[in-house]
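Chemist: Quick one: sequence plus predicted model below, questions after.
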Amino acid sequence: MPQVQWSFQLARFLQGQALDVYKRMTDEDVGDYDLLENSLLKRFRLTEGGYGRRFKSVRIEVGETAEQFVDMLKNI
């Protein structure tokens, strides 16, 4: 599939806040997959800085095993 169609294919599966990000984009911008990707990453704070803040703020929960904590860290 050509990259030109990627954003339109992705849009079919967007829901909630992700769909709102897509709807707020101009007609010209929605065809630009890289711009859509960056907009979604910024909206959900999935940037290098955002990951760093999330990683530094996690703490082991009461009753959580070390294995469970490590599994949770892998999903950040």
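Modeler: Looks like it arrived, so ask away.
Chemist: What residues does residue 74 make contact with?
Modeler: By C-beta atoms under 8 Å, 6 or more residues apart in numbering, residue 74 lies in contact with nothing. C-beta coordinates here come from the backbone N, C-alpha and C atoms, glycine included.
Chemist: measure it to residue 17 for me?
Modeler: Distance, residue 74 to residue 17, using C-beta to C-beta, to the nearest Å: 24 Å.
Chemist: Domain-wise, how is the chain divided?
Modeler: 1-44, 49-76 (automatic domain parsing).
Chemist: Tell me which stretches of this structure form helices.
Modeler: For the chain, the helices identified by DSSP state H occupy 6-11, 16-24, 33-43, 48-57, 66-74, in order along the chain.
Chemist: TSV for these, including mean pLDDT?
Modeler: Written out in TSV, the entries for the helices of the chain read as follows (pLDDT from 0 to 100):
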stretch	mean pLDDT
helix 6-11	90
helix 16-24	92
helix 33-43	90
helix 48-57	79
helix 66-74	85
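Chemist: Deepest-packed of the domains of the chain, please.
Modeler: Most buried of the domains of the chain, by mean neighbour count (mean count of other C-beta atoms under 10 Å): domain 1-44, with a mean of 13.
Chemist: Straight-line length of it, end to end?
Modeler: Terminal residues of domain 1-44 are spaced 27 Å apart (C-alpha to C-alpha, to the nearest Å).
Chemist: Show me how far that domain is from its chain's centre.
Modeler: Computed by C-alpha atoms, centre = their mean, to the nearest Å, the chain-centroid distance of domain 1-44 equals 12 Å.
Chemist: Repeat that for stretch 53-71.
Modeler: Per C-alpha atoms, centre = their mean, the centroid offset for stretch 53-71 relative to its chain is 21 Å.
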